[in-house]
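Asks: Sequence and predicted structure are below.
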Amino acid sequence: MLRNPLNIVKDVDIKLKDSSLSSHAVLQPTVDCDSLIDRFIHSSTYKIDFESKDTIEYRSVVNAVKDSIITIEIRYMCMFKNQPNQFAIGWVDLNLKDGTLVDITKDINEPVKLSYDEKMLDSVKKNCVFTNSDD
C-alpha cells in the first residue's frame with residue numbers, strides 16, 4: 001500500500017518511483033483543495049490574535065489569487081442565535097513561486113513571515129490548480 005504524509009492519493013493513475021514498492025496501491029478519496037489549504041495553514045506557525053476563553057475554531061479559505069500569490073482568509077467559526085456563523089479575522093499570503101508564507105493581517109507592508117511543513121505545501125501544489133481572481 002502506498003502512503004503519503006497526508007494520506008492523500010490522487011484519483012488518477014499512480015506511477016511508482018521505487019520499484020521495491022508494491023504495485024497494489026489502495027486509492028483513497030481525493031481531498032479537496034479547500035481542505036488542503038486549511039490543513040496547510042493549521043500546520044503553519046500562524047497564530048490567531050483573538051482573545052477568547054474558549055478554544056478558537058478557524059477555517060482557512062482562498063480569498064484571491066494574483067499571479068503566483070494566493071491570499072488566504074482566516075475565518076472564525078462560531079454560533080450566533082443557534083446558527084453557524086463565520087467572519088474574517090486574518091489574512092495570509094502564500095507565494096507559490098518562492099514558497100513564502102506571510103501573515104498580512106496587521107500590516108500588509110510589514111508582513112510576518114511564517115514557517116510551515118514543506119510536505120504540506122508540496123501536496124497543495126500537486127493537488128490544486130489556482131487561477132487568477134477577477135480584478
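Replies: Done, it's in.

Asks: list the contacts for the closest residue to residue 97 other than its chain neighbours?
Replies: Setting aside the residues directly before and after it, residue 97 is nearest to residue 68 in space (CB to CB, 6 or more residues apart in numbering), at 4.2 Å. Placement of C-beta: from N, CA and C, glycine included. Listed by CB atoms under 8 Å, 6 or more residues apart in numbering, the contact partners of residue 68 are 95, 96, 97.

Asks: Just put those in TSV and tack on pLDDT.
Replies: Shown next, in TSV, are these (pLDDT from 0 to 100):
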residue	pLDDT
95	96
96	93
97	94
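
Asks: Which PyMOL command selects the buried ones in the residues you listed?
Replies: Here is the PyMOL command that picks out the buried ones among the contacts of residue 68, judged by 16 or more other CB atoms under 10 Å:
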select buried, resi 96
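
Asks: Next, work out how far apart the spatially most central residue of the chain and residue 92 are.
Replies: The residue lying closest to the centre of the chain (CA atoms, centre = their mean) is residue 37, at 1.6 Å. Using CB to CB, to the nearest Å, residue 37 is found at 10 Å from residue 92.

Asks: Overlap of the contact sets of these two?
Replies: 60, 72.

Asks: picking up where we left off before, kindly confirm my reading that the residue nearest to the centre of the chain forms part of a strand.
Replies: No. Assignment of residue 37 by DSSP: H, G, I helix; E, B strand; the rest coil gives helix, placing it outside any strand.

Asks: wait, isn't it in contact with residue 59?
Replies: No. Here residue 37 does not reach residue 59: they are 9.5 Å apart, not a contact under CB atoms under 8 Å.

Asks: if we can go back for a sec, now the nearest residue to the residue nearest to the centre of the chain once chain neighbours are set aside: which helix or strand?
Replies: Closest residue to residue 37 apart from its sequence neighbours, by CB to CB, 6+ apart: residue 60 at 5.5 Å. Element membership of residue 60, judged by DSSP states H and E, is strand 58-66.
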